[in-house]
Each structure stands twice: as C-alpha cells, then as structure tokens.
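> Kindly generate the corresponding structure for this input.
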Amino acid sequence: MLYPHYAKLKSQGPMLTAKEWIEIASEAREKGLLYLLLTGGEPFLYPEFEQLYSWLGESGIVVMLNTNGTLLTEERADLLLKYPPRKVNISLYGASEETYGEVCRCPEGFQKTLHAIRLLRKRNIPVKLNSSLTPLNCHDLEGMHRIADQLEVPLQITPYMFPPVRKNGIDTMDFIRFAPEEAAQMVIENAKISLRSPGLYHEWIKSKLNEYEKYKKNPYIDRKCGFSCFASKNNFWINWKGEMLPCGMLNINGMKVLEQGFSECWEKIGELGKNIHNPEKCCACDMRPLCNVCSASSMAETSSWDKSPEYLCRMTEAFMQILKQESTQS
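So this is what the prediction gives:
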C-alpha cells in the first residue's frame, strides 16, 4: 500500500475545495491578511492548485510557497511567473541520488529538485533552499552548500528536528534524528562550511557568546506566557481540514473556519496564545537566546506547554560548551 495512512486521513474528513479555500482567504483578506504561505505536504499535489494559486495571484495577497520541487513543470513555473510569489522555499534532502533514495525513497527526486530550481532561476523567481539535517544526509552537508553556491541560491540548514507529532501512527520517539549533542555539533560544522573563512567563523562564535552575555545581564525575552514568536499574535495556520491553529507544528485540535467563521477563530486563537504558560526552567535560563525552545517544541517534545524539553536543554548546553571551546582557539 503506497500511502498507509491515507484511509485514516480520509476518515477525518474531505479535503477542502479551491472554492472553500478561496472563501477562507477572502474573509482573511478583509480582516487584514497580507502574507500567505502555501505548504503541505506537497502543495503541487493539490488537485486544484492552479485554480487556487491563480485566484491568490489576482487577490493582491503576497504569496510564498514551500515545495520539494519534484512536481514543478514548465507550465507551473510559467504560472508562478505570471503571478510571482515573494519566494519559493525548496526542500533539499541531500546532494546525490543515493542520499535521496535513502532519505526519501525517491532517487530520481534529486535531479527533479535541481531541475525545479533551474526553472525558477531562469524566470528570476526568488528561491531559497531548506535542508533538515539528519544522520541519513549529514555526509552531504558540504555537497548541499556546493549546490546552493553553483545555483546561486541561499541555503538554510536545520539540525534540530521536531518530533513528528502531526504524522498519524508514528511514535514521537520512533524517528531518525541526531542525539542532542550531535545536533549541536552539526550547527558548528554548518557554520564552518557556510562562513568559509576562519575569520568569519570566529566572528560568528564571538557574536553568539556576546549575545549570551548581553542577555545574561539584561534579559529581553519574556516567555512566561504566550508564544515567543508571532503565532496567535499576527500569524495563524490553517491545516488541510480547514482548522485554524496558532502554529503548524502543534498537534492540537483546531477550530473549523468554514463553520465558525474566520473572525471568531482568530479571536479564540489569540486567547489561547495569551493563556499558555511556558516552562519555568526555560523562562529563567540564561541560554535562551541560543536555544530553539518555543511553546510548540515544548508541546512536541513533552506533550505539555509547561515542561522543559530535555532534548533542547542538552543541545543548548552542548552548543554553549563548544562555543567556549572554539573561542579559545581563535
């Protein structure tokens, strides 16, 4: 069976039509929506993508797009040229067919992704590459940077992987990611490669330590309540079922926008954000500027808003130790 969780997903409700998405987007625009990110899954798998994207292109809403690039055709690239997005973020899973086969079970995806990048660059559509680094593709780190350089597009590497809490039937601990200390080391390795010169690398080390010292003397983040980012303040997420959530990385029940209306859902999302109580340990930690902790990561790692995620604590402590060690070698 190609999609083992398809039946379970289908039982949760039908996919929204383009007409229904347009209804939601129209109401959101009336309430002040300026920017919209289309993501997934894979947005080009959506049966009515062209109809929906064309409406968005005419609407005046600034659109960004997340895709793995494998389904981008000449015709779709021309549609993006007709209604240029602010940016297209393309997921890069490795630097070879072998790595794509290991990570995605799709060796041919590598060349398809490179082809998509070239189609967009040819049309002067802004492209950014995003790569989630894991033990399966970390050996390709330098290769991915070379690809980004050759194609003249920026690359963002992320060694921290959220538990797959949104994926049905998967235990949150049964997935491949680095040990926390390894993830911290990969942040360092990526900086060495991306910054290219020892001078720039040591300036980066110094800036991280300076940020820590500055925050230690004068904390500037208040995370006692609410999301530390823009979630529920001026950002929202609507999943494939038409449910509004504060953040796409949350595995909580959302509010049905078509039934309750955009305005009511947005107000309730705001109240939810105000009432979140974040971990006391995190609120008192001097290393918070160097940590990936947020309300969504706390929930994903611990199933609670107010528990500190041990994985991120260990990752940040290891990162700080490496920073101090590297600073002595400059």
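
> So which bits of the helix ranked longest in the chain are buried?
Determined from DSSP state H, the single longest helix within the chain is helix 198-217. Of the residues in helix 198-217, those buried by neighbour count under the rule 16 or more other CB atoms under 10 Å are 201, 204-205, 208-209, 212, 215. C-betas here are computed from N, CA, C, even on glycine.

> Identify the residues contacting it?
Defining contact as CB atoms under 8 Å, 6 or more residues apart in numbering, one finds that helix 198-217 is touched by 191-192, 195, 221, 286-290, 320, 323-324, 326-327, 330.

> After that helix, which helix or strand is next?
Helices and strands here follow DSSP states H and E; after helix 198-217, the next one along the chain is strand 237-238.

> Direction included, what does the following helix or strand past that next one pair up with?
Later in the chain than strand 237-238, the nearest helix or strand by DSSP H and E is strand 243-245. Strand pairing for strand 243-245, using DSSP bridges, gives strand 237-238 (antiparallel), strand 255-256 (antiparallel).

> just how off-centre is strand 243-245 within its chain?
Relative to its parent chain, strand 243-245 has a centroid offset of 17 Å by CA atoms, centre = their mean, to the nearest Å.

> Any buried residues in that strand, and which?
243-245.

> would TSV of the residues you listed with distance to Cys138 and pLDDT be doable?
As requested, these are exported to TSV (distance: CB to CB, whole Å; pLDDT from 0 to 100):
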residue	distance to Cys138	pLDDT
Glu243	35	95
Met244	36	96
Leu245	31	94
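
> ok, of those, which one's closest to Tyr46?
The closest of the buried residues of strand 243-245 to Tyr46 turns out to be Glu243 (CB to CB; 16.7 Å).

> and the residue nearest to that closest one when sequence neighbours are not counted, how far is that from Pro180?
Excluding the flanking residues, the one nearest Glu243 by CB to CB, 6 or more residues apart in numbering is Gly254, at 2.9 Å. As defined by CB to CB, to the nearest Å, Gly254 lies at a distance of 30 Å from Pro180.

> What is the burial count for Trp237?
18 (other CB atoms under 10 Å).

> bridging residues for it?
Legend: beta-bridge partners of Trp237 under DSSP bridges are Leu245.

> measure it to Tyr53 for me?
Per CB to CB, Trp237 is found 19 Å from Tyr53.

> what does Pro14 give?
Distance check for Pro14 against Tyr53: by CB to CB, it reads 21 Å.

> sorry, back to before: return the most buried member of the strands paired with strand 243-245.
Mean neighbour count (mean count of other CB atoms under 10 Å) peaks for strand 237-238 among the strands paired with strand 243-245, with a mean of 20.

> Identify all contacting residues around it.
The contact list for strand 237-238 (CB under 8 Å, 6+ apart) reads 24, 231, 244-248, 250, 254, 257.

> Kindly reformat these as TSV containing distance to Cys104.
TSV is the format used below for the contacts of strand 237-238 (distance: CB to CB, whole Å):
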residue	distance to Cys104
Ile24	31
Ala231	29
Met244	30
Leu245	26
Pro246	29
Cys247	25
Gly248	21
Leu250	25
Gly254	28
Val257	32
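
> now those residues: which count as buried?
So, by 16+ other CB under 10 Å, the buried ones in the contacts of strand 237-238 are 24, 231, 244-247, 250, 254, 257.

> Leu129 belongs to a helix?
No. Counting by DSSP: H, G, I helix; E, B strand; the rest coil, Leu129 is located in no helix; its state is strand.

> Can you give the distance from stretch 316-327 to the centre of its chain?
On CA atoms, centre = their mean, the centre of stretch 316-327 falls 25 Å from that of its chain.

> what's in contact with it?
180-181, 184-185, 187-188, 202, 205-206, 208-209, 212, 287, 290-293.

> got the buried residues for stretch 47-57?
Those would be 49, 52-53, 55-57, for stretch 47-57 by 16+ other CB under 10 Å.

> And stretch 80-90, by the same measure?
For stretch 80-90, burial by neighbour count (16+ other CB under 10 Å) applies to 80, 85, 87-90.

> ranges for the strands of the protein?
Secondary structure of the chain by DSSP state E: the strands cover 35-38, 62-67, 87-91, 127-132, 155-158, 237-238, 243-245, 255-256.

> Of all the ones you listed, which one comes closest to Lys281?
Nearest to Lys281, of all the strands of the chain, is strand 155-158, at 23.6 Å by CB to CB.

> hey, C-alpha coordinates of that closest one in PDB?
Once non-C-alpha atoms are left out, strand 155-158 reads as follows in PDB (Å, rounded to 0.1, in the frame of the first residue of the first chain):
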ATOM      1  CA  LEU A 155      20.600  27.600   1.800                       C
ATOM      2  CA  GLN A 156      19.400  27.200   5.400                       C
ATOM      3  CA  ILE A 157      20.400  24.100   7.400                       C
ATOM      4  CA  THR A 158      18.400  22.900  10.400                       C
END
